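Q: I'd like to go over a predicted model; first the sequence, then the structure.
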Amino acid sequence: MNQGKIAYLIHDRNARGHTQIGWLDSYHTFSFGSFQDPNRMGFRHLRVINEDRVVPGAGFATHSHQDMEIISYVLEGALEHKDSLGNGTVIKPGEVQIMSAGTGITHSEFNPSKSESVHFLQIWIMPNERGLSPRYEQHYFPSEERHGKLRLVVSPDGREGSATIHQDVCLYASILEPGSAIAYQIQPGRYGWLQIAQGIATLNGESLRAGDGVQINGAEKLEISTDVGGEILLFDLA
């Protein structure tokens with residue numbers, strides 16, 4: 001894939017770390033927990049992309065975070081969130097949650113269903129400043145706003161109804177129907193990361209499947225399409 005100038009690099013889904021215990025099946029794009037790879041320590045300010053599946057009635061017990069911007073993006077099912085700020089919400093497909101851990105926050109994540117598993121992506125991004133006040137946001141983006149187009153869901157200034165992040169990162173989400181195609185230009189001085197969340201997509205002629213990530217190392221015109229359908233997340237990074 002543009003190997004001459006190495007404009008982008010595929011992080012293959014099969015090379016991810018994997019944690020499987022009784023209630024959790026988790027794949028780690030970057031080093032996380034017991035999976036440590038010096039070549040997978042993140043990209044730019046993007047530090048963690050975990051693809052998690054949690055069985056009915058189980059979840060992550062109360063635990064703490066500090067100085068990290070944490071995004072949850074639910075693909076299937078529902079995720080119940082409770083935190084030390086007093087928030088208690090349920091996140092469903094189409095909703096984006098962002099939590100600024102700042103000086104410190106504790107929270108739990110739980111699958112409230114008695115019959116269905118929850119499938120979601122948890123994303124960690126390093127903030128532009130340490131010691132910020134903890135905060136929480138949750139936004140809903142109807143599917144029609146994401147079908148066949150890139151919908152801005154996270155940005156530094158919260159424009160277009162997106163969630164606000166303490167970092168120079170813009171995150172776009174899109175649901176691609178069979179036969180659809182979208183384009184995006186990574187500007188000079190910027191970088192990108194494309195995550196295939198579900199289905200199959202093609203980037204500039206290269207076929208990708210759910211779990212694949214593509215590191216985009218500078219200015220590049222992206223042509224993203226699919227013959228069978230898929231869901232993607234695209235990060236525009238400083």
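A: In hand now; what should we look at?

Q: any idea how far His65 is from Asp83?
A: 10 Å (Cβ to Cβ, to the nearest Å). Where you see a C-beta, it was placed from the backbone N, CA and C, and this is true even at glycine.

Q: How about His45?
A: Here His45 is placed at a distance of 16 Å from His65 (Cβ to Cβ).

Q: got it, and Gly192?
A: Where His65 is concerned, Gly192 sits at a distance of 26 Å (Cβ to Cβ).

Q: out of those two, which sits in the more crowded spot?
A: Legend: neighbour count by other Cβ atoms under 10 Å for Gly192 and His65, higher for Gly192 (25 against 18).

Q: Give me the below-cutoff pLDDT ranges for this protein.
A: For the chain, applying pLDDT under 70 flags the ranges 1-6.

Q: which strand of it spans the most residues?
A: The longest strand of the chain (DSSP state E) is strand 191-203.

Q: Using CSV, write down the CA coordinates of the next helix or strand after that strand.
A: Per DSSP states H and E, the first helix or strand lying C-terminal to strand 191-203 is strand 206-209. C-alpha atoms of strand 206-209 as CSV (Å, rounded to 0.1, in the frame of the first residue of the first chain):
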residue,chain,number,x,y,z
GLU,A,206,-6.8,-2.0,-0.5
SER,A,207,-9.4,-4.4,1.0
LEU,A,208,-9.9,-4.2,4.8
ARG,A,209,-12.0,-6.1,7.3
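
Q: helix, strand or coil for the residue most central in space within the chain?
A: The centre of the chain sits closest to Ile123, judged by Cα atoms, centre = their mean, with a distance of 4.6 Å. Look at Ile123: counting by DSSP: H, G, I helix; E, B strand; the rest coil, its state is strand.

Q: Okay, and the beta partners of the residue lying closest to it once chain neighbours are set aside?
A: Counting by Cβ to Cβ, 6 or more residues apart in numbering, Ile123 lies nearest to Ile71, which is 4.2 Å off, once chain neighbours are set aside. Here Ile71 sits in beta bridges with Ile98, Ile123, going by DSSP bridges.

Q: end to end, how far does stretch 75-93 reach?
A: 5 Å (Cα to Cα, to the nearest Å).
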